[in-house]
Structures are given as structure tokens and as C-alpha cells.
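**Student:** this one's structure only:
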């Protein structure tokens with residue numbers, strides 16, 4: 001696989017610092033050849049760029065961008081734990097969308113994360129996925145993404 005850090009730079013992306021957990025957990029755990037990344041919020045410089053429900057206070061388009069930020073934050077966690085060069089495959093993405101009543105576009109929102117993984121890793125970024133609508137998420141965030149990655 002091509003150097004993932006070079007690919008990030010080509011896309012104009014920089015890995016952020018890993019945000020400290022907001023409760024009693026660790027950002028990621030490695031077991032065997034898998035890294036399980038805890039749910040990542042779309043923090044930018046330690047702050048949420050938006051709060052509210054998708055389909056009400058937050059547009060689906062903005063929420064899709066936030067999902068991509070969650071994915072970037074997940075990559076920072078993986079890099080911190082094992083290094084991005086160790087990633088063999090993004091195996092599973094689970095996305096949660098704080099949804100206004102009647103909003104059913106969760107898959108389109110979580111495409112923000114899925115598309116970023118595809119752009120960065122190519123075929124190795126194609127993954128199984130769930131996109132779940134929920135009434136509330138931590139700190140009022142509109143989107144949360146968790147990731148399972150296979151590593152060497």
C-alpha cells in the first residue's frame with residue numbers, strides 16, 4: 001500500500017492530535033491483528049464544530065463533512081497506537097447520527113467517513129458498515145463513528 005501519510009498530504013489532510021476520552025475508556029484497543037477504535041466525535045482543536053440533530057439544526061451535507069472528520073480522528077487514534085503504515089484493511093465502520101424526527105438519510109451522512117477511507121486506502125478502505133439513527137449522542141454531537149481496522 002502507498003504511504004498513507006503521503007496520501008493524506010495529497011488530499012490536503014493532516015492528522016489531528018488524539019482527543020482525550022470524555023469518559024472511562026481508552027481511544028483504541030489492539031487485540032491480535034485488529035484495532036478497535038472507540039467512537040470518535042468530530043472534534044476540531046478540542047471543540048465540536050456543530051451540535052444538534054441532523055435534519056434540523058445540522059444539514060445532512062454538513063453532517064457528512066463531520067463524519068469525515070470523525071474518520072480522520074479515528075485514523076489519528078490508529079496512528080498513535082500502531083502507526084497508519086500497519087493498516088491492512090478498514091474492516092468495519094459503525095456510524096451514529098443524531099437524527100431529527102423523520103430524518104432517514106443516515107447512510108448518506110456516514111458516507112463521509114466511508115468515502116474518506118476509500119480515498120485514502122483504495123480497495124483496502126472498502127468495509128462493512130452500519131449507519132444508525134439515534135435520538136441523542138454525547139455532548140450533543142450530530143455524528144459519531146467507530147472503526148475496526150486489520151493491522152500487521
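**Tutor:** That came through, no problem. What you see is a predicted model, and the numbers here were worked out from it, not measured in a lab. Numbers count the residues shown, from 1 in each chain.
**Student:** dump the residue contacts of residue 57.
**Tutor:** Shown here is residue 57, whose contacts under the criterion Cβ atoms under 8 Å, 6 or more residues apart in numbering are 50-51, 142. Bear in mind the C-beta positions are built from the backbone N, C-alpha and C, glycine included.
**Student:** list only buried entries from these.
**Tutor:** Buried by 16 or more other Cβ atoms under 10 Å: 50, 142, out of these.
**Student:** tell me which of the contacts of residue 57 is nearest to residue 71?
**Tutor:** In terms of Cβ to Cβ, no member of those lies closer to residue 71 than residue 142, at 14.5 Å.
**Student:** the closest residue to the closest one other than its chain neighbours: neighbour count?
**Tutor:** Of all residues not flanking residue 142 in the chain, residue 58 sits nearest, at 4.4 Å (Cβ to Cβ, 6 or more residues apart in numbering). Other residues within reach of residue 58 by the criterion other Cβ atoms under 10 Å amount to 24.
**Student:** got phi/psi on residue 58?
**Tutor:** Per-residue torsions, residue 58: phi -120, psi 130 (degrees, to the nearest 10).
**Student:** just to revisit the earlier point, redo the contacts of residue 57 as a markdown table? Include secondary structure and pLDDT.
**Tutor:** Below are the contacts of residue 57 laid out as a markdown table (DSSP: H, G, I helix; E, B strand; the rest coil; pLDDT from 0 to 100):
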| residue | secondary structure | pLDDT |
| --- | --- | --- |
| 50 | coil | 98 |
| 51 | coil | 98 |
| 142 | coil | 98 |
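**Student:** fine, thanks again, bye for now.
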